[in-house]
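Colleague: Build me a model from this:
(one chain, ligands or ions: 1)
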Amino acid sequence: MLRIAVLVSGGGTNLQAIIDKIASGDITDTEIAGVISNNENAYALTRAKKAGIPAMVVSPKNFENREVFNRALLDAVDSLNVDLIVLAGFLVVIPEIMIDAYTNKIINIHPSLIPSFCGTGYYGLKVHEAALSRGVKLVGATVHFVDKGTDTGPIIMQKAVEVKNGDTPEVLQRRVMEQAEWVIMPAAIDKIAHGKVKVTDGIAIVED
Ligand code: GAR
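Modeller: Numbers count the residues shown, from 1 in each chain. Okay, here's the model as predicted:
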């Protein structure tokens, strides 16, 4: 059984997709041990409670400095005794101490086809605003392992989504979520639960 911690900051639709796909049997041999949010007002916390999943808040606001917060975040994750940390719209930079402790055991969903529209400053709606400003016709999402760079870790899965005439950032964001994020994040977790993802020389290989 793969025990996962899901880290969230906002609406939690990716968390919901994981909850739903465990319930439907699309993800098997996986259990959500807990949800951690840096934002006490995140709707994701309500989703966790409705699903009967333990949820906790670890907010930088409640700690004297970043280093103390980073330690508290790592302690919170450690307390859940998990095999995999899933960043599902978690908008905090992951501390190096956590990456060292969980090398190739942290995955993130990013709302673009990496290496496009990623790195510092590209998160949430900003990614879709940038894609529309550039006029690209294909966008998408990426699940990747987290390393010490921003959106630079080994890529596990990607899915492309078409841009349509008249798209607003909000409309495009929703289509990328529905057609890509809520599909590939659960699929990547299921592959990891079944030992089908290996990283060699910085490249992730995913078995069929
Ligand atoms: C998602 O679109 C996710 O890809 C994005 O934040 C949103 C969270 O939505 N993450 C990033 O931009 C990370 N760089 P959710 O809370 O409804 O899952």
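Colleague: show me the contacts for N108.
Modeller: N108 is in contact with 87, 90, 143-146, 151, 153, counting by CB atoms under 8 Å, 6 or more residues apart in numbering. Just so you know, the C-beta spots here come from the backbone N, C-alpha and C atoms, and that holds for glycine as well.
Colleague: Among those, which one has the most neighbours?
Modeller: Counting neighbours by other CB atoms under 10 Å, V143 leads the contacts of N108 with 30 neighbours.
Colleague: Wait, a helix at it?
Modeller: No - counting by DSSP: H, G, I helix; E, B strand; the rest coil, V143 falls outside a helix, being strand.
Colleague: That one touches I156, doesn't it?
Modeller: Yes - counting by CB atoms under 8 Å, V143 does reach I156; the two are 4.6 Å apart.
Colleague: who touches both of those two?
Modeller: Here V143 and I156 have 107, 188 as joint contacts, going by CB under 8 Å, 6+ apart.
Colleague: related to what we said a few turns ago, pick the one among the contacts of N108 closest to I99.
Modeller: Checking the contacts of N108 against I99 by CB to CB gives V146 as the nearest, at 6.4 Å.
Colleague: ok, and the closest non-adjacent residue to that closest one?
Modeller: Spatial nearest neighbour of V146, excluding adjacent residues (CB to CB, 6 or more residues apart in numbering): I106 at 4.1 Å.
Colleague: what sits against the one you found?
Modeller: Per CB under 8 Å, 6+ apart, neighbours of I106: 84-87, 94, 98-99, 145-146.
Colleague: Among those, which lie within helices?
Modeller: Residues of the contacts of I106 located in helices (DSSP state H): 98-99.
Colleague: Need the max-distance pair from the contacts of I106.
Modeller: Farthest-apart pair in those is V86 and I99; separation 14.6 Å (CB to CB).
Colleague: Of the two, give the one with the bigger neighbour count.
Modeller: The residue with more neighbours, out of V86 and I99 and counting by other CB under 10 Å, is V86; that gives 27 against 19.
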